[in-house]
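Trainee: here is a sequence together with a model predicted from it:
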Amino acid sequence: MIINKTRTSALKQAAEELSGVRIDGCLKCMKCTSGCSVAKETKMHPSELISLLKLGAGDELLNSDLIWMCLSCEICYGRCPMKINTASLIDALRKLAVERGSTAQKGNAPLFNKAFLDTVKQYGRSYDIQMIMQYKLGSGSLMRDTEKLPTMLRKGKMALLPPSGAEKTVVKRIFYKSSGGKGKIK
């Protein structure tokens with residue numbers, strides 16, 4: 001990754017303001033990376049992301065696989081001696097990536113996210129059967145892993161009927177507010 005040193009660190013400033021996290025105190029100890037649950041699966045690691053931000057990297061960081069694969073488990077934050085909340089910083093980078101149209105989600109992750117959020121929006125919590133059906137229809141892998149369904153149902157890991165008892169109106173209000181007041185509350 002080539003960094004233009006003459007460019008101001010607009011991405012760093014935007015990410016810090018959005019997340020409320022200051023990264024200038026990073027010691028480069030790499031404790032965040034050594035504890036990261038997805039570091040072995042990503043091309044970029046948390047310590048590298050912070051270093052590149054500090055050096056003035058720009059929107060090319062928004063295409064990093066790390067920002068989409070991060071589990072937000074906050075192990076990095078718990079291990080950091082300077083208490084830099086990398087997970088919050090990555091959440092801010094995700095938001096900036098979506099706003100700037102530079103989302104680089106690969107594979108079926110966007111489809112899975114949409115299926116999950118659609119069921120939460122409709123039922124107030126996740127409804128596995130509908131989520132899986134929506135995902136499988138979108139991905140075209142209709143018969144993959146279907147042999148596991150009877151066992152999951154028998155062991156009570158999945159319910160046939162939609163969930164009840166959720167505060168649907170509260171959840172719908174959250175979706176409404178997170179969309180910036182677009183759409184309507186049904």
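Mentor: Happy to help now that I have it.

Trainee: domain ranges for the protein?
Mentor: When the chain is parsed with automatic domain parsing, its domains come out as 10-99, 109-178.

Trainee: span of the shortest one from start to end?
Mentor: Okay, so that is domain 109-178. Length of domain 109-178, first residue to last, Cα to Cα, to the nearest Å: 20 Å.

Trainee: ranking the domains of the chain by burial, who's on top?
Mentor: domain 10-99 (a mean of 18; mean count of other Cβ atoms under 10 Å). For every residue, glycine as well, the C-beta is placed using N, CA and C.

Trainee: end-to-end on that one?
Mentor: Domain 10-99 end-to-end distance (Cα to Cα) = 14 Å.

Trainee: just the CA atoms of stretch 82-96, as CSV, please.
Mentor: What follows is stretch 82-96, C-alpha atoms only, in CSV (Å, rounded to 0.1, in the frame of the first residue of the first chain):
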residue,chain,number,x,y,z
MET,A,82,-3.1,2.2,26.1
LYS,A,83,-6.9,1.3,26.0
ILE,A,84,-7.3,2.0,22.3
ASN,A,85,-10.7,0.6,21.4
THR,A,86,-9.8,-0.8,18.0
ALA,A,87,-13.2,-2.4,17.6
SER,A,88,-15.0,1.0,17.9
LEU,A,89,-12.5,2.4,15.4
ILE,A,90,-13.3,-0.4,12.9
ASP,A,91,-17.0,0.2,13.4
ALA,A,92,-16.4,3.8,12.4
LEU,A,93,-14.4,2.7,9.4
ARG,A,94,-17.3,0.5,8.3
LYS,A,95,-19.7,3.4,8.5
LEU,A,96,-17.3,5.6,6.5
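
Trainee: now it, how far from the centre of its chain.
Mentor: 11 Å (Cα atoms, centre = their mean, to the nearest Å).

Trainee: now the helices for this protein?
Mentor: For the chain, the helices defined by DSSP state H cover 10-19, 31-35, 46-55, 65-69, 75-79, 86-99, 109-123, 128-139, 149-154, 168-178.

Trainee: tabulate those in CSV, adding columns for distance to G25 and mean pLDDT.
Mentor: Shown next, in CSV, are these (distance: least, Cβ to Cβ, whole Å; pLDDT from 0 to 100):
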stretch, distance to G25, mean pLDDT
helix 10-19, 12, 92
helix 31-35, 13, 93
helix 46-55, 10, 94
helix 65-69, 20, 87
helix 75-79, 13, 94
helix 86-99, 12, 90
helix 109-123, 32, 86
helix 128-139, 41, 90
helix 149-154, 46, 90
helix 168-178, 31, 83
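
Trainee: which one of the ones you listed lies closest to P162?
Mentor: Nearest to P162, of all these, is helix 109-123, at 5.2 Å by Cβ to Cβ.

Trainee: what packs against the closest one?
Mentor: helix 128-139, helix 168-178 (3 or more Cβ pairs under 8 Å, 6 or more residues apart in numbering; DSSP states H and E).
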